[in-house]
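Peer 1: Sequence plus predicted model, see below.
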Amino acid sequence: MTTTETDTQTNTLIIGASAAGLAVAACLQEKNIPFILLEKSSQVGAAWRNHYDRLHLHTDRSHSQLPHLPMPKSFAKYPARADVVAYLEEYARRFGLEPRFGQEVTAVRPHNGGWQVETADGRYQAQNVVIATGYTRVPHLPTWPRQELFTGSIIHSSAYKNGKPYAGQRVLVVGFGNSAGEIAIDLVEHGAATVGMAVRSPVNVIPRDYLGIPILTIGIVMDKIPPQVADLLAIPMLKTSIGDLTKYGVPTLPYGPNVQIRQDRQIPILDIGTVKLIKDGRIHIHPGLTQFNENGVVFSDGTIKPFDAIILGTGYRPRVHEFLQEAAGVLNEEGAPQSSGQETAPGLYFCGFYISPTGMLREIGIEARRISAHIAGKG
């Protein structure tokens, strides 16, 4: 495809105006690198705006700031969703960042030694492209046999707002990630009749705080040593803070949380109260589900339980392959980048895709600085 006079040209084009895209933009601006920031929604921080009401950062405020702007001390230790949105809005204002909204990218391809980016409204030429669309771009919606027979409601966690509509109902949360754990707490707090969690695969659970110290602070120290050694050192902490969850039906991984992060690229569940509710019998653990019936589900152990509603805490997929073209080898089979925070092909960068044991926002800041320095170094 050729370049035309109508193509908008810039040094660097950033795709996505949430935390990662804003951080890269601010760092490029500091170095006087021209850029254009594209965002498919109408506001910055769209992912944070659309999540459920109860959502809080699972990493503490002091370790969750973006470059050049601390989070306000008036925020809670673990800032609420609305506070994070306010912080991202202030971040854009403070640095004069003006994303081009309503610009969903449909194609990114190499072109004339740089990159060509298409949206429904236009086409751009850039020497560099930074993809900052994140892991939560597309909800993952698995299906099961006989699902169409179920007479209750089934929604993904991306559509969940709060537990008010579920008061008095029997609700099953499918999954055991951080969002699933917090949604289960929210359902209990809003008076759901019963709350279950379907846990198909083994997991690791770690405390959000230990002896008053944020687990992130401990993780930063642990990140400097081999993950197997870090997991051995963490055993006493996990025994005293979490205990043996297998007796409550939670299957656990044969290796620790630090190995899990490095090997599986998955963050262990950070317990913010889910474990206590499980131990108190207010959240019931079930194995993975295998099929539905009219009134509920059938689990992998053969048990059948009635439910009024199912909430899928089954996560998201980045699915970058839906718009990134002719960039062989930079994505895995799920459409996620093989690496983040560095140049993965000439002029192509990803920011915010590394699953970090020391916190996503902190890692985003590190990556944004590294990416901007690399682009500035090209001269």
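Peer 2: Here it is on my side, so go on. Numbers count the residues shown, from 1 in each chain.

Peer 1: show me where the stretch 251-379 of the chain has helices.
Peer 2: Taking DSSP state H, counting those that start in this stretch as the criterion, the stretch 251-379 of the chain contains helices spanning 257-264, 274-279, 360-376.

Peer 1: just checking, what packs against the first one?
Peer 2: In this structure, helix 257-264 packs against helix 227-241, with contacts taken as 3 or more CB pairs under 8 Å, 6 or more residues apart in numbering; DSSP states H and E. The C-beta positions use only the backbone N, C-alpha and C, and glycine is treated the same way.

Peer 1: and the angle from the helix it packs on to helix 257-264?
Peer 2: Direction vectors for helix 227-241 and helix 257-264, defined by axes from the mean of the first three to the mean of the last three CA atoms, to 10 degrees, enclose an angle of 130 degrees.

Peer 1: For helix 227-241, which outside residues touch it?
Peer 2: Around helix 227-241, the neighbours that count as contacts under CB atoms under 8 Å, 6 or more residues apart in numbering are 206-207, 210, 218, 222-223, 225, 255-259, 261-263, 271.

Peer 1: Out of these, flag the one nearest to Ala373.
Peer 2: Ranked by distance to Ala373 (CB to CB), the contacts of helix 227-241 are led by Asp223 at 21.3 Å.

Peer 1: Quick check, the closest one in contact with Arg362.
Peer 2: No - contact status for Asp223 versus Arg362: not in contact, 10.8 Å apart, counting by CB atoms under 8 Å.

Peer 1: Looking at the two, which one has more neighbours?
Peer 2: A count of neighbours by other CB atoms under 10 Å puts Arg362 above the other of Asp223 and Arg362, at 19 against 15.

Peer 1: Can you tell me the closest non-neighbouring residue to that one?
Peer 2: His63 (5.1 Å; CB to CB, 6 or more residues apart in numbering).

Peer 1: residues near that neighbour, how many?
Peer 2: Around His63 there are 18 other residues, counting by other CB under 10 Å.

Peer 1: For it, give me phi and psi.
Peer 2: Backbone dihedrals for His63, given as degrees, to the nearest 10, come out at phi -110, psi 20.

Peer 1: what's the answer for the one 4 residues further on, then?
Peer 2: Note on Pro67: its backbone torsions stand at phi -60, psi 130 [degrees, to the nearest 10].

Peer 1: picking that back up, can you say which of the helices of the stretch 251-379 of the chain is packed in most?
Peer 2: Among the helices of the stretch 251-379 of the chain, ranked by average contacts under mean count of other CB atoms under 10 Å, first place goes to helix 360-376 (a mean of 21).

Peer 1: Now do the contacts for Leu37.
Peer 2: Shown in contact with Leu37 (CB under 8 Å, 6+ apart): 14, 17, 21-22, 25, 97-100.

Peer 1: before we move on, what about Glu118?
Peer 2: Applying CB under 8 Å, 6+ apart, one finds that Glu118 lies in contact with 105-108, 124.

Peer 1: cool, Thr59 as well?
Peer 2: 78, 214, 216, 359-362.

Peer 1: re the thing from before, and the contacts of Leu37, which two are the farthest apart?
Peer 2: The distance between the two most remote of the contacts of Leu37 (CB to CB) is 13.6 Å, for Leu22 and Arg100.

Peer 1: More neighbours: these two, which one.
Peer 2: Neighbours of Leu22 and Arg100, each counted by other CB under 10 Å, are more numerous for Leu22; the result is 29 against 16.
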